[in-house]
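Asker: sequence and predicted model, in that order:
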Amino acid sequence: MKFEAWQDLSLPKIGFGTWKIGGGSSANISLDPKSLAALHSALELGYTHFDTAEMYAAGHAEELLGQAIRGSGITRESLFITSKVQPEHLRHAAILKSCEGSLRRLGMDYLDLYLIHWPKMGMNLADTFRALNQLVKEGKVRHLGVSNFNFKLLRQSQELSETPLLTDQVPYSIFDRAYAKNGVLDFCKGSEILLTAYSPVGPGHLPVNKTLKSIAEKHSATPHQIALAWLVLQPHVITIPMSSDPRHQKENLEATGIELTPNEIEQIDHFR
């Protein structure tokens with residue numbers, strides 16, 4: 001496993017996303033056995049960074065993650081847990097309540113990282129960060145970040161956060177470079193902010209062109225692994241793929257061991 005250093009932290013380059021754990025936008029308890037099996041296998045394989053949100057399955061994803069961790073015997077201190085406050089709750093009192101709800105569902109005393117999930121039109125960002133800063137002071141949250149923030153909002157957030165922003169979590173992959181083109185990636189690199197790439201192989205099946213297939217064959221790897229390897233080789237970039245299949249979970253972790261050549265990286269950089 002490769003790691004990314006940030007302040008006094010060493011974060012795994014590949015974490016585990018929990019979107020679709022326990023349902024979609026609402027809870028679906030019929031999925032609990034499959035969801036818990038996915039979480040248990042991820043923990044057994046050695047994933048230590050788990051990314052969730054109060055929005056995922058209306059909080060049920062947090063409940064299942066907490067249940068799986070308690071059943072694993074793995075200490076809380078050895079894990080890095082991220083959750084997010086949804087845009088409808090971006091008011092001072094509502095943020096404090098949302099964080100308490102996430103901690104209660106997870107069965108934890110603190111979050112390692114707490115993110116604004118999405119920006120909201122007309123939000124009071126100063127008031128939002130007043131609440132987030134308070135959570136850090138109270139020890140309920142250790143680090144702050146944002147998600148889906150453009151360059152302007154990210155810079156404003158950096159100024160309002162009383163502690164260094166850890167990340168901006170955005171869609172980023174070999175076929176989605178929007179946050180590289182809009183300046184966010186370069187700003188993160190220049191400001192010691194990590195970019196957390198979600199949907200690192202796309203929202204569904206990864207489009208596979210001849211170049212990607214050829215590179216994968218040279219490394220005896222899958223195209224998915226090459227897509228992840230390209231991400232984790234970049235400084236200041238980590239990623240959080242999700243899979244319910246233990247075989248794919250293992251392949252995702254193993255992608256950090258793939259060393260792409262400068263020529264291969266250049267070929268991927270110039271995908272159209």
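Answerer: Yep, it's here. Note that the structure is predicted; figures quoted are calculated from it, not measured.
Asker: tell me where the stretch 101-250 of the chain has strands.
Answerer: Ranges of strands in the stretch 101-250 of the chain, per DSSP state E, counting those that start in this stretch, are 111-116, 141-147, 167-171, 194-198, 237-239.
Asker: please enumerate the helices of the stretch 1-150 of the chain.
Answerer: Applying DSSP state H, counting those that start in this stretch to the stretch 1-150 of the chain gives helices spanning 32-45, 60-72, 92-106, 125-137.
Asker: let's have these in CSV, adding mean pLDDT.
Answerer: Below are the helices of the stretch 1-150 of the chain laid out as CSV (pLDDT from 0 to 100):
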stretch, mean pLDDT
helix 32-45, 98
helix 60-72, 98
helix 92-106, 98
helix 125-137, 98
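Asker: winner for burial among those?
Answerer: Among the helices of the stretch 1-150 of the chain, helix 60-72 has the highest mean neighbour count (mean count of other CB atoms under 10 Å), at a mean of 21. From N, CA and C alone the C-beta is placed, and that goes for glycine too.
Asker: elements contacting that one?
Answerer: Applying 3 or more CB pairs under 8 Å, 6 or more residues apart in numbering; DSSP states H and E, we find helix 60-72 packed against helix 32-45, helix 92-106.
Asker: which neighbouring elements make contact with the longest one?
Answerer: Helices and strands touching helix 92-106, by 3+ CB pairs under 8 Å, 6+ apart, are helix 60-72, strand 80-85, strand 111-116, helix 125-137.
Asker: close enough to count as contact, Val101 and Met55?
Answerer: For residue 101 the amino acid is Gly, not Val. No. Applying CB atoms under 8 Å as the test, Gly101 and Met55 come out as separate, 11.5 Å apart.
Asker: quick revisit: so can I have TSV of the helices and strands packed on helix 60-72 showing distance to Trp19?
Answerer: Converted to TSV, the helices and strands packed on helix 60-72 look like this (distance: least, CB to CB, whole Å):
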stretch	distance to Trp19
helix 32-45	11
helix 92-106	15
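Asker: number of residues surrounding Asp8?
Answerer: Using other CB atoms under 10 Å, Asp8 has 5 other residues around it.
Asker: what distance do you get for it to Val146?
Answerer: Counting by CB to CB, to the nearest Å, the gap from Asp8 to Val146 is 21 Å.
Asker: and if you look at Glu100?
Answerer: In terms of CB to CB, Glu100 sits 20 Å off from Val146.
Asker: swap in Gln7?
Answerer: Computed as CB to CB, the Gln7 to Val146 distance reads 17 Å.
Asker: looking at those two, which is more packed in?
Answerer: Between Gln7 and Val146, Val146 has the larger neighbour count (other CB under 10 Å), namely 28 against 10.
Asker: in the sheet, who's paired with the more buried one?
Answerer: Ile116, Asp168 (DSSP bridges).
Asker: not counting stretch 16-35 itself, show me its contacts.
Answerer: Residues from elsewhere that reach stretch 16-35 (CB atoms under 8 Å, 6 or more residues apart in numbering): 38-39, 42, 47, 49-53, 55-61, 63-65, 198, 240-242, 244, 249.
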